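Novice: Need a 3D model of the following:
(one chain, ligands or ions: 1)
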Amino acid sequence: MEYKISDRLKNVQGSAIREIFDLLKKGDIISFAGGMPSTPTLPSKQIDEILQSLVSKHGVIECLQYESTQGKAALMEQLKKFLLEYKGINAETQEMIVLSGGQQGIEFMCKTFVNKGDVVLVENPTYLSTLQIIETYEGKAVGVDSNNEGLDLADLEKKITEHKAKFLYVVPTFCNPTGGTYSPENRQKIVEITAKHGVMILEDDPYSEIRFEGAAVPSVKCFDKTGNVVYLASFSKIIAPSLRIAVAVANPAVIGRFIIAKQSTDVCCASISQLVAAEFIKNGLSEHLKNIIPIYKEKRDKMIECIEKYFPKSFVYQVPQGGMFVWGYFNDNRDLLAIFKEVVDLGVAFLPGVHFYPAGGNKNTMRLNFSNATLEQIEKGIGILGGHLLQY
Ligand SMILES: Cc1ncc(COP(=O)(O)O)c(C=O)c1O
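Specialist: Now for the predicted structure:
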C-alpha cells in the first residue's frame, strides 16, 4: 500500500525529543534530555487519596459523562483563584478554556490563526514542539534575537514588519530551552510593539512557579490592554504531566474559537483529570510547591557545581533562577549533534541545541535538564559527559 500522506503532514519530522525518549527506554541511561518533573516528587499519595473517593463524592455524571468543551465549573473556580494568586491574572469564565496540556494551546493557536505560508515569530531558540506544530499547520517559524533583558526589541519590530507576522510565541519565564526570564520592562515593550502592529502574542508559562531565587516577574498578559495576548498555564510541571490539564486565558472572541477548535480535536478534557486537578489546586498545590522547589533547587545547584568541576572551560552558560534547564554553548565551536550518539553509548543523554532553532545550526549549543535525575546521577552523568567533552 502506498500511503499518500497529506501535503500538510508529509514533511513534518517526528519530534527529536520523543525519539530520544524511545532511545532512552532501551538502556540504563542517565538522562538530562527531557523536561520531565522528578518522578519521586509527583504527588502520588495525594492523587491516590483524591481518586479513591472521586466517583462517590462527585457522582457518575460529573466523573464519567461527556463534559462541556470549555471545562468543568469546579475546575474553573479553582483556576480563577490560581491565576489571580500565582500569575496576577484576573480572568472571567468567558476568558478561559481548560486544555489537554499547554501543548494543545499552542496547537489551537496555530489551528485558529495560521494559514499556509504565514510567519510565526519565536524566540531564537524556542520550545521545539512549537516549531513542529507551526510546521504542521504549514506556517513558517522565524527567530527573533534575544539578550539579557528578553527579546531584542529592534529585531522584533523589524521582523514583525518584514514578515507581516501572524503572532509571536514566547516562553518569557524560565524559558525552555534557555532558562532565561524577560525583565518587566521588556515584557511591557513587547506588548506595546505587538499591539501597535496588530500582532498577537502567545505567552506560554509552564515554569514560573518553580522559582528558586529572585523576585517574581508579572506575566506578559498583565501588561495586555488590547486583548492581543493569549496566555497559557499548565499543571504538567507543578502537579503531574499525566493529568494533561492546562488553561488558556484570552479575549472571549479567541476563547470562542478555541472551543470550536477543541470540539473537533477531543471534545473535552477528561472529567476525572479535571476533578483531580480542581481538588489538588484547592487543597494541596501550595504545600506541594513548598516541598518541590527546594528539591529542584538542590538539583540545579548540583548540576552547576558539576559543570564547574567536570566541563571544559569553553562552556558558556547562565545559572537559571528557576525552571528545569541549564542552557549553554561552547565557544570553541564543537558539534554537539555529532557527539550525541557517542555520549548515549556511554550511558548519558542531553539535548543538542540545534533542535530548538527554527533555522537549525548552532551546533555548539546544548540543553541540560536537571529536574529528573537524582543528585547521584547528576554527579555521575555530568562527570561522564564532561570527561568525554574534554577529549575533544
Ligand atoms: C515551553 C513548554 N510549553 C509547553 C509544554 C507542554 O506541556 P504540557 O504537558 O502542558 O502540554 C512544555 C513541556 O515540556 C514546555 O516546556
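
Novice: Next to the ligand in this structure, residues from the protein, please.
Specialist: The chain has residues 35, 101-103, 127, 171, 176, 204, 206, 234, 236, 241, 246 near the ligand, with proximity defined as C-beta under 6 Å from any ligand atom. No exception for glycine: its C-beta is placed from N, CA and C like everyone else's.

Novice: quick one: contacts for the residue of the stretch 51-200 of the chain found nearest the ligand?
Specialist: Closest to the ligand within the stretch 51-200 of the chain is residue 101: 2.6 Å, counting by C-beta to the nearest ligand atom. Residues counted as contacts of residue 101 (C-beta atoms under 8 Å, 6 or more residues apart in numbering) are 234, 236, 241, 244-246.

Novice: From residue 62, how far out is it?
Specialist: Here the criterion is C-beta to C-beta, to the nearest Å. By it, residue 101 lies 22 Å from residue 62.

Novice: now do residue 131
Specialist: Taking C-beta to C-beta, one finds residue 131 at 38 Å from residue 62.

Novice: before we move on, what about residue 75?
Specialist: 11 Å.

Novice: now residue 315
Specialist: 52 Å.

Novice: again, but for residue 119
Specialist: From residue 119 to residue 62 the distance is 43 Å (C-beta to C-beta).

Novice: Now distance to residue 53 too, for the residues of the chain next to the ligand, in TSV please.
Specialist: As requested, these are arranged in TSV below (distance: C-beta to C-beta, whole Å):
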residue	distance to residue 53
35	32
101	26
102	29
103	30
127	37
171	37
176	36
204	34
206	29
234	26
236	24
241	24
246	25
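
Novice: for the protein, where's the lowest mean pLDDT among helices and strands?
Specialist: One helix or strand of the chain scores below all others by mean pLDDT, DSSP states H and E: helix 16-25, with a mean of 69.

Novice: Toward the C-terminus, what is the element adjacent to that one?
Specialist: Once the chain leaves helix 16-25, the next helix or strand it forms, by DSSP states H and E, is strand 30-31.

Novice: Give the partner strands of that next one in its sheet and their orientations.
Specialist: strand 348-349 (parallel) (DSSP bridges).

Novice: Helix or strand next in line after the partner strand, which one?
Specialist: Going C-terminal from strand 348-349, and assigning secondary structure by DSSP H and E, you next hit strand 351-352.

Novice: what's in contact with the helix or strand just after that following strand?
Specialist: Going down the chain from strand 351-352, the next helix or strand is strand 365-369, by DSSP H and E. The contact list for strand 365-369 (C-beta under 8 Å, 6+ apart) reads 31-36, 125, 177, 303, 307, 324-329, 336, 350-354, 356, 382.
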